[in-house]
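Engineer: build me a structure from this.
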Amino acid sequence: TMYLLRQGKGDAKQDNIEKSTLPRDLEEIRQEGKLRLIAPYSFIPVDSLRDKGVQNLSFIRKLSSLSKLEVQLIFEDNVMKAIQLLLQGKADAVLSAVEKTSQLDSLPIDWITEDATKPIYLVQKQDTVHRVNKHSELNGKEITIPRHSPYKLFIRHLSDDLGINVKCKEDSLYNTEQLIMLVNAGKLSYTICDGEEVGYYKKHFPSLNYELPMSHALRRGWVVRRQSPVLKDSLLHWLH
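Structural biologist: The predicted structure follows:
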């Protein structure tokens, strides 16, 4: 059985994450009969024709069958909010692509999967006088990203490494795809997208430019609580 739940709007920062003192590993999950997973809204897109959405739905159904558990899928785009729910025991795994950073390494979480991914890319208009062709041309420019996006750290590092001032604006209302729509409409100059999603965005927004990488290859994956080792081993088994 699978249930889809929308997570309410919320805010979370790493320094104020509350942690549950109650154990919740596979034994406790089986006692309740429910496995709670958090994923971004893009995990199962509204456009049902996208292959990614079909594959992910099939994966969730397979997971429910193998685990013999009811799977609840909670949608939450804010990665830090998702991790907060995980550490509070309100969810059991985060299926967002959590970037592996030194900051997150300090939290009591373990990566179920860890993959090298493509770089992130600057998204901008193709035919504009404001088009940026190299990083130094970003000096004084403003890039808009979703609030609490891990990409903020990459923008900051780029600024520091090159000795330039790249402004970073966090938008609390829109996700990456919605920000790309605003760039396409000429209402924003720049945003950033995941290298894994570039093909999809090129197909739907062909007038935009996605050529300038903003990072090297990233390491990221799904996460569980460090205090849930049996669940981690079981998920690794079910994933394969």
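
Engineer: CA atoms for contacts and neighbours, from now on please.
Structural biologist: Fine.

Engineer: other SSEs contacting the host helix or strand of Asp160?
Structural biologist: Using DSSP states H and E, Asp160 falls within helix 151-162. Contact partners of helix 151-162 among helices and strands, from 3 or more CA pairs under 8 Å, 6 or more residues apart in numbering; DSSP states H and E: none.

Engineer: now do the buried residues in it.
Structural biologist: Tyr151, Lys152, Ile155, Leu158, Ser159 (16 or more other CA atoms under 10 Å).

Engineer: what does stretch 25-34 give?
Structural biologist: So for stretch 25-34, counting by 16+ other CA under 10 Å, buried means Asp25, Leu26, Ile29, Lys34.

Engineer: which stretches in this protein count as strands?
Structural biologist: 2-6, 34-39, 70-75, 93-99, 109-111, 115-117, 120-125, 142-146, 167-171, 191-194, 208-209, 218-225 (DSSP state E).

Engineer: how about those in a markdown table, adding distance to His135?
Structural biologist: A markdown table is the format used below for the strands of the chain (distance: least, CA to CA, whole Å):
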| stretch | distance to His135 |
| --- | --- |
| strand 2-6 | 38 |
| strand 34-39 | 32 |
| strand 70-75 | 34 |
| strand 93-99 | 22 |
| strand 109-111 | 32 |
| strand 115-117 | 21 |
| strand 120-125 | 10 |
| strand 142-146 | 12 |
| strand 167-171 | 13 |
| strand 191-194 | 13 |
| strand 208-209 | 14 |
| strand 218-225 | 18 |
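
Engineer: same list, the ones you listed, but as CSV with distance to Ala185 and mean pLDDT please.
Structural biologist: Converted to CSV, the strands of the chain look like this (distance: least, CA to CA, whole Å; pLDDT from 0 to 100):
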stretch, distance to Ala185, mean pLDDT
strand 2-6, 28, 53
strand 34-39, 28, 93
strand 70-75, 27, 92
strand 93-99, 28, 83
strand 109-111, 38, 90
strand 115-117, 29, 64
strand 120-125, 9, 93
strand 142-146, 14, 95
strand 167-171, 17, 94
strand 191-194, 13, 92
strand 208-209, 10, 96
strand 218-225, 29, 80
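
Engineer: Leu57: which of these is closest?
Structural biologist: Nearest of the strands of the chain to Leu57, taken as CA to CA: strand 2-6 at 9.4 Å.

Engineer: tell me which residues touch the residue of the chain most remote from its centre, please.
Structural biologist: In the chain, counting by CA atoms, centre = their mean, Val129 sits farthest out from the average C-alpha position, at 31.4 Å. With contact set as CA atoms under 8 Å, 6 or more residues apart in numbering, Val129 has no partners.

Engineer: tell me the pLDDT at it?
Structural biologist: Val129 is assigned a pLDDT of 75 by the prediction.

Engineer: how much space between it and Glu197?
Structural biologist: 26 Å (CA to CA, to the nearest Å).

Engineer: can you give me the domain assignment for this protein?
Structural biologist: 2-116+220-239, 119-216 (automatic domain parsing).

Engineer: which of those has the lowest mean pLDDT?
Structural biologist: domain 2-116+220-239 (a mean of 79).

Engineer: ok, longest helix in the chain?
Structural biologist: Determined from DSSP state H, the single longest helix within the chain is helix 51-67.

Engineer: so which bits of that one are buried?
Structural biologist: In terms of neighbour count (16+ other CA under 10 Å), helix 51-67 has its buried residues at Gly53, Ile60, Leu63, Ser64, Ser67.
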